[in-house]
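Chemist: Could you work out the structure for the sequence below:
(chains A and B)
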Amino acid sequence: QKEVEQNSGPLSVPEGAIASLNCTYSDRVSQSFFWYRQYSGKSPELIMSIYSNGDKEDGRFTAQLNKASQYVSLLIRDSQPSDSATYLCAVKSGGYNKLIFGAGTRLAVHP
Amino acid sequence: GAGVSQSPSNKVTEKGKDVELRCDPISGHTALYWYRQSLGQGLEFLIYFQGNSAPDKSGLPSDRFSAERTGGSVSTLTIQRTQQEDSAVYLCASSLEGQGFYGYTFGSGTRLTVV
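Modeler: As a prediction, this is how the structure comes out:
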């Protein structure tokens, strides 16, 4: 079982819709959770972090964490074509001082 | 510096040659990480430095790979006797601390092509 799993996509949504990206992780004692955005040919860019159960909102982005279900998600409201990228979920597992990354979900927002 | 700086941005080398990749982290960041990303793949952890502690080398794929961090700042990743499967983008990241409560800031990467 992979430590951090994401649907590879592509997830295609129309402009203005809500994009929902999901991630599950295997280590129950994971503490910190991050979402990165990676445009094609570029390096990952941190967009959200979340540490506690519940929702965390930042502009058009909302991160949701459910530790009991070992599930973290990212919602993008009012999706724009500029949001088209690969979104990487990253988790700090309990015993390690490093982030484990999922393989990423490719999001395509079409006009 | 303002961001994580990596050099070179691109490197083409012949199979069997040694290469050195450099990373200059954000000033004041104590943790430094190397990852690699093969085409269309996720990020593979290679090595992690935190302050003066012994590095976590658990992700290095073979003994051809080594890394050092001098003076708690600049890091060099060395690949000896390069193979075609070493072709990838090598990403360096730094973080304020190594406990994982802060996300990483990545450099722009070094694209390594072994021909």
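Chemist: Please make it C-alpha for all contacts and neighbour counts, starting now.
Modeler: Noted.
Chemist: residue contacts, A:His70?
Modeler: For residue A:70 the amino acid is Gln, not His. Applying Cα atoms under 8 Å, 6 or more residues apart in numbering or on different chains, one finds that A:Gln70 lies in contact with A:24-28.
Chemist: how close does the closest residue to chain A within chain B sit to B:Gly16?
Modeler: Going by Cα to the nearest Cα, chain A is nearest to B:Gly42 of chain B, at 4.1 Å. Distance of B:Gly42 to B:Gly16, given as Cα to Cα, to the nearest Å: 26 Å.
Chemist: just A:Val109 next, same as before
Modeler: Here A:Val109 is placed at a distance of 43 Å from B:Gly16 (Cα to Cα).
Chemist: out of the two, which sits in the busier spot?
Modeler: A count of neighbours by other Cα atoms under 10 Å in any protein chain shown puts A:Val109 above the other of A:Val109 and B:Gly16, at 20 against 14.
Chemist: That one bridge partners, please.
Modeler: Under DSSP bridges, the beta-bridge partners of A:Val109 are A:Val13.
Chemist: Go ahead and confirm it touches A:Gln80.
Modeler: Yes. Under the criterion of Cα atoms under 8 Å, A:Val109 makes contact with A:Gln80 at 6.2 Å.
Chemist: what about the strands in the chain?
Modeler: With no chain named, the answer covers chain A. Along chain A, counting by DSSP state E, strands occupy A:4-6, A:11-14, A:19-25, A:32-38, A:45-50, A:54-58, A:61-66, A:71-76, A:85-92, A:99-101, A:105-110.
Chemist: Hmm, no, I was thinking of chain B.
Modeler: Ranges of strands in chain B, per DSSP E, are B:5-7, B:10-13, B:19-24, B:31-37, B:43-50, B:65-69, B:75-79, B:88-95, B:105-106, B:110-114.
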